[in-house]
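Undergrad: predicted model, plus sequence, below.
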Amino acid sequence: MNTGLVLSGGGMRGVAHIGVIKALEEHGIYPTHISGTSAGAVVGALYAGGVGWPEMLNFFKTIPIFHSNRYALSKPGFIDTEKFYENFKAFFPEDNFNVLKKPLYITATDIINGTLKIFHKGQLIKPILASASVPGMFTPIKIGNDYYVDGGVLNNFPTEPLQKDCEKIIGVYVNPLKKINIVDLKHAYSVVERAYKIKSASESILKFTDCDIVISPEGLAGYNTFDMNGIDEIFDLGYLAAKKILEEHK
(Lines give C-alpha, C1' and ligand atoms only; values in the text may rest on other atoms or scores of the structure.)
Protein backbone atom coordinates (compact mmCIF):
# COMPACT_ATOMS: atom_id res chain seq x y z
CA MET A 1 0.00 0.00 0.00
CA ASN A 2 1.32 3.45 -0.93
CA THR A 3 1.42 5.85 1.99
CA GLY A 4 1.99 9.56 1.45
CA LEU A 5 3.64 11.94 3.91
CA VAL A 6 2.92 15.66 3.56
CA LEU A 7 5.20 18.03 5.49
CA SER A 8 4.23 21.67 5.97
CA GLY A 9 6.48 24.68 6.13
CA GLY A 10 7.29 26.33 9.44
CA GLY A 11 10.93 27.38 9.60
CA MET A 12 12.86 25.79 12.45
CA ARG A 13 9.58 24.29 13.66
CA GLY A 14 10.16 21.91 10.74
CA VAL A 15 12.52 19.99 13.02
CA ALA A 16 9.31 18.51 14.46
CA HIS A 17 8.96 16.65 11.14
CA ILE A 18 12.12 14.73 12.02
CA GLY A 19 10.66 13.69 15.36
CA VAL A 20 7.53 12.49 13.57
CA ILE A 21 9.63 10.41 11.17
CA LYS A 22 11.36 8.76 14.11
CA ALA A 23 7.99 7.85 15.64
CA LEU A 24 6.64 6.56 12.32
CA GLU A 25 9.61 4.25 11.87
CA GLU A 26 9.30 2.97 15.44
CA HIS A 27 5.73 1.99 14.56
CA GLY A 28 6.84 0.26 11.35
CA ILE A 29 5.46 2.98 9.07
CA TYR A 30 7.65 3.93 6.13
CA PRO A 31 5.91 6.38 3.77
CA THR A 32 6.41 5.67 0.07
CA HIS A 33 5.70 9.16 -1.32
CA ILE A 34 6.69 12.57 0.11
CA SER A 35 5.35 16.07 -0.48
CA GLY A 36 6.77 19.11 1.27
CA THR A 37 6.97 22.87 1.45
CA SER A 38 9.78 25.04 2.82
CA ALA A 39 11.22 23.30 5.90
CA GLY A 40 9.04 20.35 4.94
CA ALA A 41 10.73 20.29 1.55
CA VAL A 42 14.15 20.18 3.21
CA VAL A 43 13.22 17.34 5.56
CA GLY A 44 11.26 15.58 2.83
CA ALA A 45 14.18 15.68 0.39
CA LEU A 46 16.63 14.35 2.95
CA TYR A 47 14.21 11.59 3.95
CA ALA A 48 13.47 10.66 0.33
CA GLY A 49 17.22 10.53 -0.22
CA GLY A 50 17.67 7.92 2.50
CA VAL A 51 19.12 10.19 5.20
CA GLY A 52 18.34 8.90 8.70
CA TRP A 53 16.63 11.03 11.32
CA PRO A 54 19.74 11.46 13.54
CA GLU A 55 21.70 12.90 10.60
CA MET A 56 18.80 15.16 9.64
CA LEU A 57 18.61 16.49 13.19
CA ASN A 58 22.35 17.13 13.21
CA PHE A 59 22.04 18.99 9.89
CA PHE A 60 19.55 21.47 11.36
CA LYS A 61 21.70 21.91 14.45
CA THR A 62 24.93 22.62 12.62
CA ILE A 63 24.01 24.52 9.44
CA PRO A 64 25.07 28.17 9.92
CA ILE A 65 22.11 30.16 8.60
CA PHE A 66 23.12 33.63 9.75
CA HIS A 67 26.89 33.46 9.27
CA SER A 68 28.38 36.55 7.65
CA ASN A 69 29.50 34.56 4.62
CA ARG A 70 25.81 33.92 3.81
CA TYR A 71 24.87 37.60 3.51
CA ALA A 72 23.41 38.70 0.19
CA LEU A 73 25.11 41.37 -1.91
CA SER A 74 23.09 43.31 -4.49
CA LYS A 75 20.21 40.84 -4.19
CA PRO A 76 16.69 41.29 -2.71
CA GLY A 77 17.12 39.62 0.67
CA PHE A 78 19.39 39.48 3.73
CA ILE A 79 20.65 35.93 3.17
CA ASP A 80 21.85 34.63 -0.23
CA THR A 81 19.93 31.39 -0.66
CA GLU A 82 22.32 30.03 -3.29
CA LYS A 83 25.13 29.97 -0.70
CA PHE A 84 23.47 26.89 0.84
CA TYR A 85 23.93 24.89 -2.35
CA GLU A 86 27.10 23.11 -1.21
CA ASN A 87 25.46 22.06 2.08
CA PHE A 88 22.92 20.05 0.08
CA LYS A 89 25.44 18.92 -2.49
CA ALA A 90 27.06 16.91 0.30
CA PHE A 91 23.84 14.87 0.55
CA PHE A 92 23.03 14.89 -3.16
CA PRO A 93 26.29 14.68 -5.15
CA GLU A 94 24.14 13.87 -8.19
CA ASP A 95 21.81 16.84 -8.24
CA ASN A 96 18.67 15.18 -9.61
CA PHE A 97 15.32 13.90 -8.38
CA ASN A 98 15.98 10.52 -9.98
CA VAL A 99 18.57 9.60 -7.31
CA LEU A 100 15.92 9.67 -4.56
CA LYS A 101 14.63 6.46 -3.00
CA LYS A 102 11.05 7.77 -2.83
CA PRO A 103 8.98 10.00 -5.13
CA LEU A 104 9.21 13.59 -3.90
CA TYR A 105 7.14 16.69 -4.66
CA ILE A 106 8.37 20.16 -3.70
CA THR A 107 6.36 23.37 -3.97
CA ALA A 108 7.77 26.81 -4.73
CA THR A 109 6.21 30.15 -5.66
CA ASP A 110 7.06 31.95 -8.90
CA ILE A 111 7.56 35.43 -7.47
CA ILE A 112 7.22 37.18 -10.86
CA ASN A 113 4.18 35.40 -12.28
CA GLY A 114 2.49 34.68 -8.95
CA THR A 115 1.98 30.99 -9.65
CA LEU A 116 2.68 27.75 -7.82
CA LYS A 117 5.23 25.31 -9.20
CA ILE A 118 5.46 21.67 -8.08
CA PHE A 119 8.91 20.24 -8.74
CA HIS A 120 9.29 16.45 -9.01
CA LYS A 121 11.94 15.81 -11.67
CA GLY A 122 15.17 17.29 -12.98
CA GLN A 123 17.57 19.24 -10.80
CA LEU A 124 16.86 18.80 -7.11
CA ILE A 125 18.83 21.21 -4.96
CA LYS A 126 17.62 24.53 -6.36
CA PRO A 127 13.94 23.57 -5.91
CA ILE A 128 14.71 22.66 -2.28
CA LEU A 129 16.37 26.03 -1.74
CA ALA A 130 13.59 27.89 -3.54
CA SER A 131 10.88 26.21 -1.48
CA ALA A 132 12.62 27.29 1.74
CA SER A 133 13.42 30.83 0.60
CA VAL A 134 11.34 32.88 3.06
CA PRO A 135 10.46 36.15 1.25
CA GLY A 136 12.32 39.18 2.54
CA MET A 137 14.83 37.13 4.51
CA PHE A 138 16.23 34.89 1.75
CA THR A 139 16.88 35.83 -1.86
CA PRO A 140 14.77 34.29 -4.67
CA ILE A 141 16.28 31.37 -6.56
CA LYS A 142 16.56 31.42 -10.35
CA ILE A 143 15.53 28.14 -12.00
CA GLY A 144 15.50 28.29 -15.77
CA ASN A 145 14.18 31.75 -16.64
CA ASP A 146 12.00 32.10 -13.55
CA TYR A 147 12.54 33.19 -9.94
CA TYR A 148 11.12 31.27 -7.00
CA VAL A 149 10.54 31.79 -3.28
CA ASP A 150 8.93 29.88 -0.42
CA GLY A 151 6.25 27.43 -1.54
CA GLY A 152 4.29 28.27 1.60
CA VAL A 153 3.24 31.58 0.05
CA LEU A 154 0.70 29.70 -2.09
CA ASN A 155 0.57 26.18 -0.65
CA ASN A 156 1.93 25.42 2.80
CA PHE A 157 0.36 21.96 3.06
CA PRO A 158 0.69 20.27 -0.36
CA THR A 159 -1.53 17.21 -0.15
CA GLU A 160 -2.52 17.42 -3.84
CA PRO A 161 0.49 15.63 -5.41
CA LEU A 162 -0.05 12.57 -3.18
CA GLN A 163 -3.72 11.98 -3.82
CA LYS A 164 -3.39 10.19 -7.15
CA ASP A 165 -0.88 7.56 -5.99
CA CYS A 166 -1.46 7.07 -2.25
CA GLU A 167 -4.17 5.06 -0.51
CA LYS A 168 -3.26 6.66 2.83
CA ILE A 169 -1.90 10.12 3.60
CA ILE A 170 -0.25 11.23 6.84
CA GLY A 171 -0.11 14.99 7.32
CA VAL A 172 2.30 16.85 9.56
CA TYR A 173 1.48 20.50 10.19
CA VAL A 174 4.04 22.52 12.15
CA ASN A 175 2.96 26.10 11.52
CA PRO A 176 0.16 26.69 14.08
CA LEU A 177 -1.50 30.06 14.50
CA LYS A 178 -0.22 31.61 17.72
CA LYS A 179 -2.78 32.92 20.20
CA ILE A 180 -2.43 36.67 20.72
CA ASN A 181 -4.17 39.61 22.36
CA ILE A 182 -5.14 42.91 20.78
CA VAL A 183 -2.26 44.60 22.61
CA ASP A 184 0.13 42.48 20.51
CA LEU A 185 -1.01 44.29 17.37
CA LYS A 186 0.92 47.47 18.03
CA HIS A 187 1.72 48.51 14.45
CA ALA A 188 0.12 48.44 11.02
CA TYR A 189 2.59 45.82 9.82
CA SER A 190 1.61 43.62 12.80
CA VAL A 191 -1.97 43.56 11.57
CA VAL A 192 -0.91 42.81 7.99
CA GLU A 193 1.39 39.99 9.16
CA ARG A 194 -1.37 38.53 11.34
CA ALA A 195 -3.86 38.60 8.46
CA TYR A 196 -1.38 36.79 6.21
CA LYS A 197 -0.81 34.10 8.86
CA ILE A 198 -4.56 33.62 9.36
CA LYS A 199 -5.08 33.16 5.62
CA SER A 200 -2.21 30.68 5.32
CA ALA A 201 -3.34 28.65 8.34
CA SER A 202 -6.98 28.49 7.24
CA GLU A 203 -6.03 27.28 3.75
CA SER A 204 -3.89 24.52 5.24
CA ILE A 205 -6.44 23.42 7.83
CA LEU A 206 -9.10 23.01 5.13
CA LYS A 207 -6.91 20.30 3.60
CA PHE A 208 -6.61 18.26 6.80
CA THR A 209 -9.58 16.25 5.51
CA ASP A 210 -7.33 14.98 2.68
CA CYS A 211 -5.33 13.08 5.30
CA ASP A 212 -6.09 9.90 7.22
CA ILE A 213 -4.02 11.15 10.15
CA VAL A 214 -2.87 14.71 10.91
CA ILE A 215 -0.08 15.35 13.40
CA SER A 216 0.07 18.97 14.57
CA PRO A 217 2.19 19.15 17.72
CA GLU A 218 0.91 21.40 20.47
CA GLY A 219 3.39 23.89 21.81
CA LEU A 220 5.07 24.74 18.49
CA ALA A 221 3.48 28.19 18.46
CA GLY A 222 5.89 29.09 21.25
CA TYR A 223 8.86 28.87 18.87
CA ASN A 224 9.63 31.38 16.16
CA THR A 225 10.59 30.75 12.55
CA PHE A 226 14.34 31.03 13.11
CA ASP A 227 14.58 29.67 16.66
CA MET A 228 17.95 27.90 16.66
CA ASN A 229 17.93 27.45 20.44
CA GLY A 230 14.86 25.24 20.67
CA ILE A 231 15.79 22.50 18.22
CA ASP A 232 15.83 19.61 20.71
CA GLU A 233 12.54 20.71 22.27
CA ILE A 234 10.90 21.08 18.83
CA PHE A 235 12.12 17.61 17.84
CA ASP A 236 10.65 16.15 21.03
CA LEU A 237 7.31 17.87 20.46
CA GLY A 238 7.07 16.25 17.03
CA TYR A 239 8.13 12.84 18.29
CA LEU A 240 5.77 12.78 21.28
CA ALA A 241 2.78 14.11 19.32
CA ALA A 242 3.26 11.49 16.60
CA LYS A 243 3.78 8.70 19.11
CA LYS A 244 0.56 9.61 20.92
CA ILE A 245 -1.55 9.74 17.76
CA LEU A 246 -0.09 6.56 16.30
CA GLU A 247 -0.79 4.66 19.51
CA GLU A 248 -4.37 5.92 19.41
CA HIS A 249 -4.77 4.75 15.80
CA LYS A 250 -3.26 1.29 16.05
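TA: Nice, thanks for sending it over.
Undergrad: what about the one residue sitting closest to the centre of the chain, distance to Arg13?
TA: Residue closest to the average C-alpha location in the chain (CA atoms, centre = their mean): Gly40, at 2.0 Å. Plainly put, Gly40 is 10 Å away from Arg13 if you go by CB to CB, to the nearest Å. All C-beta atoms are positioned from the backbone trio N, CA, C, and that covers glycine.
Undergrad: one step back: the residue nearest to the centre of the chain and Met228, how far apart?
TA: Taken as CB to CB, the span from Gly40 to Met228 is 18 Å.
Undergrad: and Ser38, by the same measure?
TA: Using CB to CB, one gets 16 Å for the distance from Ser38 to Met228.
Undergrad: the two: which is more packed in?
TA: Ser38 (31 against 13; other CB atoms under 10 Å).
Undergrad: and Tyr105, that one's in a strand?
TA: Yes. Assessed with DSSP: H, G, I helix; E, B strand; the rest coil, Tyr105 lies in a strand.
Undergrad: ok, what's across the strand from it?
TA: Per DSSP bridges, the residues bridged to Tyr105 are Ser35.
Undergrad: thought it was touching Gln163?
TA: No. Contact criterion CB atoms under 8 Å: Tyr105 and Gln163 do not qualify, at 10.9 Å.
Undergrad: for this protein, give me the ranges with low pLDDT.
TA: Residue ranges of the chain with pLDDT under 70: 68, 189.
Undergrad: let's see that with 80 instead.
TA: 64-70, 72, 77, 177-178, 180, 189-190, 192-194, 196-197, 200, 250 (pLDDT under 80).
Undergrad: quick check: Ser200 vs Gly152, distance?
TA: For Ser200 relative to Gly152 (CB to CB), the value is 7 Å.
Undergrad: find the residues that touch each one of those two.
TA: Asn175 (CB atoms under 8 Å, 6 or more residues apart in numbering).
Undergrad: between these two, which is the more surrounded one?
TA: Gly152 (28 against 20).
Undergrad: buried residues in the helix or strand containing Ala16, which are they?
TA: Per DSSP states H and E, Ala16 falls inside helix 15-26. Buried residues in helix 15-26, defined by neighbour count with 16 or more other CB atoms under 10 Å: Val15, Ala16, His17, Ile18, Gly19, Val20, Ile21, Lys22, Ala23, Leu24.
Undergrad: by contact count, what packs against that helix?
TA: Contacts defined by 3 or more CB pairs under 8 Å, 6 or more residues apart in numbering; DSSP states H and E place helix 15-26 against helix 39-48, helix 53-62, strand 168-172, helix 231-248.
Undergrad: how far off centre is that helix?
TA: In terms of CA atoms, centre = their mean, to the nearest Å, the centre of helix 15-26 is found 14 Å from the chain centre.
Undergrad: same check, this time on stretch 24-33
TA: 18 Å.
Undergrad: let me know the outermost residue of the chain.
TA: Farthest-from-centroid check, the chain (CA atoms, centre = their mean): Val183, 30.4 Å.
Undergrad: quick check: neighbours shared by Gly40 and Arg13?
TA: Joint contacts of Gly40 and Arg13 (CB under 8 Å, 6+ apart) are Val174.
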